[in-house]
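Peer 1: got a predicted structure here, sequence first:
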Amino acid sequence: MDERPRTVSRGTFLYGFWCLGIIGLFLAAASQGYSPFADGGRVAAVRAYGPTHK
Amino acid sequence: MPPEDEITRSLSCPACGGTIAVRAVGYTVTLACEYCGSLIDVAHPDAKIITRYNETQARLAIPLGTRGVLRGVEWEVIGWLERSDGWASWQEFLLFNPYEGYRWLIEQNGHWSLGTMLTKAPSYDSGGFVAGGRLHEPFYAGSTAKVTRIAGEFYWRVKIGEEVRATDYVRSGFMLSLEANEREKSWTLNELLNAQEISTAFDVPRPPRWLPGMTPLAHQPSPFARRFTSWLPLGVVALIALLVLSLLFGQTTAPQTFSFEAVPDGPAVSQTFGPITIPSGRRAMTIDVSTSDINQGWVDIDIAFVNRATQESYEAYALNEHYEGADADGPWSEGSRIQTLNVASLTAGTYDLVVDATAHHWGNTGAFGNWNAMSGSMDAPSFSAVNVNLTVSRGAQFASNFWLAVLFVLLPPLLLLCLHIMFENARLAQRDGEEVGSFEWMKGLVP
C-alpha cells in the first residue's frame, strides 16, 4: 500500500456530522430543560418501605 | 535491453495454428498458447510443442497483451498462471516492461498485489525477515503451491503441476514470500494495491468490501482500523464539548428555600409555597429535599409545581428514609436523608409549590406511650417532628442526558472496533503455527 497523503474520508465527515448532531440535540435539550429521564411526572408504581438489611 | 526491432514478434501455434505474439523476445523461454493452452518452447527455432493441453483457457480478468500504467510505469501483461495450495487458489499475471523488467500482479479473492522479486535476500530478525526496512512476521509456515493453469509467456520453463514450497511473512499491506524448490530460492515482496490504483491501471472490478464471514488476505490491512483511528479524535472532541456544555447548562440559579415539619405516624401535612417564577422559555427545576433528622423511618413527599395561570401541574416524588442498627457483623445503616429531584421543561410562568408529606416510623423501638386513664389504653408513642427542607432552584443537571449523548457519540467507533476485532481474528486465524492471542487485534490499530 502506498503512503499517500491522508485526506478526510466520507466516513469521517459523516461521523463528524453525527457528533455535531448529537451535540446539537444535547444543546437543544439543555436549553429547553428537557430530559427523557427527568423526575417530573414520574410516579413511583410501587413504594417499598423499610430497611432491606438482613 | 533487447533491440528495438525485436521487442515483439509473432509465431503460429504448432498445435492449433493460432497467431501468438511473443512480447518479451529474447527473455521468454516458455509460451503458453492463449487459444489452446499448449506449451511451446520458444527457444527452439521451430517453436516446438512441449506439452499439449486441450483444457479450455480461463477467461482472464486482464487479457494477455493488456497494457496499464502502474506507479508511473507502463506494464504489459504477458503471462498468466493459476496456483493452488490445496486450500486456496490465486492467479498471477506476469507484467513486463523492457526497461523495468518483470513484476507479478497477484489476484486473490478480488484483491490485487504487486509483486517485486528481490535481488537480495532479506535479513533475518526477531523471528521474521526485514525487507524495505520493515519487519515481516511469519504467517504461512510452508505450503506447497502448485501451478494448475497457464497462458502466455514466461521467463522460465513453467509447466502444469510445477510445485514450490512457499513460506510467507507479512506486515500490514505487504507479504514477503519465499518460494523454494530443489534448484533455487526466490524472494518476492508483494504489496497490496488499493482499489483506485488497480482499477485505474487495468480496468478490473474494485476489490470487494470485507463483510463478517469473509476471509481476508494474510496481508490485508483492517479497513476499520484506519477509520477508527481517524474517528477517535473527533469522538474525543465531541466528548469534551459535551462535558463543557453539560457544565455550562447544568448550573442552577435563584434558589428558594422552604421548610415545614411532619410528625412520624402523625397526620399528613399539606403545604403550598410560592410564588416560584420562571421568566421565559422552558426551564428545568431542581428540588433538593432534605430531612436531616429522620431516623428509623421514612418521609413520603409528593411535590407539584402548579401553574397559577393554567393550573398545569408538574409532579415529582421523593422518599427520604434512614435506618440503622447492629448485628453480628457490626453496625449498619441504610437509606438517604437527602434527595435531589429534577423536573423537566416547565413553561414560563408563576408557580405554586404544593407539597404533601407523610412521615412514618419503622418497627418497634421500645418506645411506649403513656397510659390514658380516660380511654383505659396506652396512647401511641410520640416521636419528635421531622424537619423537611426544600430548596428549589432554576435549572438542572441531567446526568442521563450527558451519558446518553456519550453513548451515541461512542456508538459508531465502538461498532468499528468490534468489526476490526472480527476482521483481525478472521485474518489471524489463517496463520500457521500459533493460536491467535486475545489482544492481537490491537496490533492492527498501529499503522
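Peer 2: Good, I have the coordinates.

Peer 1: if I've got this straight, B:I78 is in a strand?
Peer 2: Yes - counting by DSSP: H, G, I helix; E, B strand; the rest coil, B:I78 is found in a strand.

Peer 1: need the longest helix for chain B.
Peer 2: Taking DSSP state H as the criterion, chain B has its longest helix at helix B:399-428.

Peer 1: are we agreed that B:A121 is in a helix?
Peer 2: No - applying three-state DSSP, one finds B:A121 to be coil, outside a helix.

Peer 1: buried sites along stretch B:403-417?
Peer 2: If you call a residue buried by 16 or more other Cβ atoms under 10 Å in any protein chain shown, then stretch B:403-417 has these buried ones: B:L404, B:A405, B:V406, B:F408, B:V409, B:P412, B:P413, B:L416, B:L417. Backbone N, C-alpha and C define where each C-beta goes, glycine included.

Peer 1: isn't the last one right up against B:W231?
Peer 2: I take that to be B:L417. No - with contact defined as Cβ atoms under 8 Å, B:L417 does not count as touching B:W231 (9.9 Å).

Peer 1: any weak-confidence spans in chain A?
Peer 2: A:1-7, A:40-47, A:54 (pLDDT under 70).

Peer 1: hey, where'd the helices end up in it?
Peer 2: Taking DSSP H as the test, the helices found in chain A are A:10-31.

Peer 1: ok, now chain B?
Peer 2: Secondary structure of chain B, counting by DSSP H: helices at B:195-202, B:223-249, B:399-428.

Peer 1: contacts for the first one next, please.
Peer 2: The contact list for helix B:195-202 (Cβ atoms under 8 Å, 6 or more residues apart in numbering or on different chains) reads A:2, B:62, B:66, B:68-71, B:75, B:77, B:105, B:112, B:204-207.

Peer 1: out of the residues you listed, which are inside strands?
Peer 2: Counting by DSSP state E, the contacts of helix B:195-202 place B:G68, B:V69, B:L70, B:W75, B:V77, B:L105, B:W112 in strands.

Peer 1: whichever of those residues end up buried, select them in ChimeraX.
Peer 2: This is how ChimeraX selects the buried members of the ones in strands among the contacts of helix B:195-202, with burial counted by 16+ other Cβ under 10 Å:
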select /B:68,70,75,77,105,112
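
Peer 1: which two in the ones in strands among the contacts of helix B:195-202 are spaced the farthest apart?
Peer 2: Farthest pair in those (Cβ to Cβ) is B:V69 and B:W112. Separation: 14.7 Å.

Peer 1: partner residues bridging the closest residue to B:A180 other than its chain neighbours?
Peer 2: Spatially, and ignoring its direct neighbours in sequence, B:A180 is nearest to B:R165 (4.8 Å; Cβ to Cβ, 6 or more residues apart in numbering or on different chains). Note on B:R165: beta-bridge partners by DSSP bridges are B:T144, B:A180.

Peer 1: ok, B:R165 touching B:G142?
Peer 2: Yes - judged on Cβ under 8 Å, B:R165 makes contact with B:G142 at a distance of 5.8 Å.

Peer 1: which parts of the stretch 151-300 of chain B sit against chain A?
Peer 2: Within the stretch 151-300 of chain B, the residues that sit near chain A (Cβ under 8 Å from any Cβ of the partner chain) are B:172-174, B:191-194, B:197, B:221, B:227, B:230-231, B:234-235, B:237-238, B:241-242, B:245-246, B:249-250, B:281-285, B:298, B:300.

Peer 1: domain ranges for chain B?
Peer 2: Residue ranges for the domains of chain B, per automatic domain parsing: B:4-207, B:253-361+B:382-396, B:402-445.

Peer 1: want to throw those into JSON lines with mean pLDDT?
Peer 2: Output for the domains of chain B, formatted as JSON lines (pLDDT from 0 to 100):
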{"stretch": "domain B:4-207", "mean pLDDT": "83"}
{"stretch": "domain B:253-361+B:382-396", "mean pLDDT": "90"}
{"stretch": "domain B:402-445", "mean pLDDT": "85"}
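
Peer 1: export those as JSON lines, with columns for distance to B:L217.
Peer 2: Shown next, in JSON lines, are the domains of chain B (distance: least, Cβ to Cβ, whole Å):
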{"stretch": "domain B:4-207", "distance to B:L217": "5"}
{"stretch": "domain B:253-361+B:382-396", "distance to B:L217": "53"}
{"stretch": "domain B:402-445", "distance to B:L217": "8"}
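
Peer 1: relative to A:G50, which of those is closest?
Peer 2: Relative to A:G50, the nearest member of those by Cβ to Cβ is domain B:253-361+B:382-396, separated by 7.3 Å.

Peer 1: B:S313: neighbour count?
Peer 2: 14 (other Cβ atoms under 10 Å in any protein chain shown).

Peer 1: contacts only, for it.
Peer 2: By Cβ under 8 Å, 6+ apart, the contact set of B:S313 is B:A304, B:F305, B:V306, B:N307.

Peer 1: need the buried ones from the residues you listed selected in PyMOL.
Peer 2: Provided next is the PyMOL selection string for whichever of the contacts of B:S313 are buried by 16+ other Cβ under 10 Å:
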select buried, chain B and resi 304+305+306+307
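
Peer 1: can you narrow the contacts of B:S313 to ones near chain A?
Peer 2: Applying Cβ under 8 Å from any Cβ to the contacts of B:S313, none is adjacent to chain A.

Peer 1: in strands, which of the contacts of B:S313 appear?
Peer 2: Among the contacts of B:S313, the members falling in strands (DSSP E) are B:A304, B:F305, B:V306, B:N307.

Peer 1: bridged to the second one, which residues?
Peer 2: Beta bridges link B:F305 to B:Y314, B:L353, judged by DSSP bridges.

Peer 1: touching, it and B:R283? I think so.
Peer 2: No - if you go by Cβ under 8 Å, B:F305 and B:R283 don't touch, sitting 10.7 Å apart.

Peer 1: what's the burial count for whatever residue of the stretch 151-300 of chain B ends up closest to chain A?
Peer 2: Among all residues of the stretch 151-300 of chain B, B:A284 sits closest to chain A, at 3.1 Å; criterion: Cβ to the nearest Cβ. By the criterion of other Cβ under 10 Å, B:A284 has 29 neighbours.

Peer 1: same check, this time on B:E184
Peer 2: When neighbours are counted by other Cβ under 10 Å, B:E184 registers 9.
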